[in-house]
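J.: Kindly return the folded structure for what I paste below:
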Amino acid sequence: MCALPKIELEVGGRRRLDVDFSAGQVSRDGGGLVLRSADQRLRLSQRLSDCFTNHRRADLVDHTVQELLAQRILGLSLGYLRLG
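T.: The predicted model follows:
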């Protein structure tokens, strides 16, 4: 049996998320919080967004390229696949 370490992540404000893989079969819905925290820590979506040139009109933009990339990356990671 594989023993994985317990991980503690800050998820906002004074809240903390403890990730413990010894719980057996549980809901996977908390995975989004873990992925978001990892993205923030690694700055993956921010660094990736720096590779894009945004040609959109700034006065019509509600979401940054970084926010759109983070949403897409996390959605795909959680299994939300939409083609087209």
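J.: Show the contacting residues for the residue nearest to residue 7 when sequence neighbours are not counted.
T.: Computed as CB to CB, 6 or more residues apart in numbering, the closest residue to residue 7 that is not its neighbour in sequence is residue 19, at 4.1 Å. To be clear about C-beta, it is placed using only N, CA and C from the backbone, and glycine gets the same treatment. For residue 19, the contacting residues are 6-9, 30, 34, by CB atoms under 8 Å, 6 or more residues apart in numbering.
J.: Show only the entries of those found in strands.
T.: Using DSSP state E, the subset of those located in strands is 7-9.
J.: JSON lines please, covering the residues you listed and showing neighbour count and pLDDT.
T.: Compiled in JSON lines, the ones in strands among the contacts of residue 19 are given as follows (neighbours: other CB atoms under 10 Å; pLDDT from 0 to 100):
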{"residue": "7", "neighbour count": "13", "pLDDT": "71"}
{"residue": "8", "neighbour count": "9", "pLDDT": "72"}
{"residue": "9", "neighbour count": "16", "pLDDT": "71"}
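J.: Which one of the residues you listed is nearest to residue 74?
T.: Taking CB to CB as the measure, residue 74 sits nearest to residue 9 out of these, at 14.5 Å.
J.: now the closest one, nearest residue through space, not along the chain?
T.: Once flanking residues are discounted, residue 9 sits nearest to residue 37: 4.2 Å by CB to CB, 6+ apart.
J.: what's the spacing between that neighbour and residue 56?
T.: Residue 37 sits 28 Å away from residue 56, going by CB to CB, to the nearest Å.
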